[in-house]
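>>> Mind folding the following:
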Amino acid sequence: MSKYEIHRWDLIMTGNSTFKRPVIYIKPDIDFLEFARLNNFSIVAVVEGTGLQYDGNQVPATVNKGANFSDTNGYYVISLDSNSYGYPKDGMLGTVSFLGLVKAPVSDDVNVSNGQQSVSNKGESFPNKGESHNPVVDMNKKNFIVFLVLVVLMVLLYKLAETLCE
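So this is what the prediction gives:
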């Protein structure tokens, strides 16, 4: 996964809420911007190096298109769907990576076989050209399938109970 340096932390309240939500500021690259767009600006962030409870946890997040300051300083605002644990101390702003955002390495080995290219880097696998792989989207599909299976089971249990009660 690609890591982005966190340049700033803030706590915000939205609407009528008294719930403070953490936001981070990063300088995105083209890969991040395309990834965010393809995921409808809903992503999963993994923060590291802050010394706070965020570190190492997968946190749903939103890229705030309307609140970005890319025209003035290049920062993009990422709202973390998390409780606030305060600000990082001692200048430890940390880094953030995003599940599913994988950039092909520039200087690693490239294996070509049968006309298809696959790139590997530190155990991560990258899809062949023309394939798409996004764990966030894949997880949504899996969740939907599990939901459908549960609904079918509930209907079957209802029918069984109805039959037994007759």
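
>>> Find the nearest non-adjacent residue to Tyr87, please.
Sequence neighbours aside, Trp9 is the residue nearest to Tyr87 in space, at 5.3 Å (criterion: CB to CB, 6 or more residues apart in numbering). In this view, the C-beta of every residue, glycine as well, is placed from N, C-alpha and C.

>>> List the contacts of the one you found.
Residues near Trp9 by CB atoms under 8 Å, 6 or more residues apart in numbering: 22-25, 87-88, 93.

>>> which ones among these are found in helices?
Members of these lying in helices (criterion: DSSP state H): none.

>>> got a list of what Ile6 touches?
24-26, 47, 50, 93-96.

>>> now those residues in JSON lines, with neighbour count and distance to Lys141?
Shown next, in JSON lines, are the contacts of Ile6 (neighbours: other CB atoms under 10 Å; distance: CB to CB, whole Å):
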{"residue": "Ile24", "neighbour count": "26", "distance to Lys141": "28"}
{"residue": "Tyr25", "neighbour count": "20", "distance to Lys141": "32"}
{"residue": "Ile26", "neighbour count": "22", "distance to Lys141": "28"}
{"residue": "Val47", "neighbour count": "27", "distance to Lys141": "26"}
{"residue": "Thr50", "neighbour count": "21", "distance to Lys141": "32"}
{"residue": "Leu93", "neighbour count": "18", "distance to Lys141": "35"}
{"residue": "Gly94", "neighbour count": "19", "distance to Lys141": "31"}
{"residue": "Thr95", "neighbour count": "16", "distance to Lys141": "29"}
{"residue": "Val96", "neighbour count": "25", "distance to Lys141": "25"}
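
>>> Of those residues, which belong to strands?
Judged by DSSP state E, the subset of these located in strands is 24-26, 47, 95-96.

>>> avg pLDDT for the helix or strand containing Ala161?
If you go by DSSP states H and E, Ala161 is part of helix 135-164. Helix 135-164 shows a mean pLDDT of 80.
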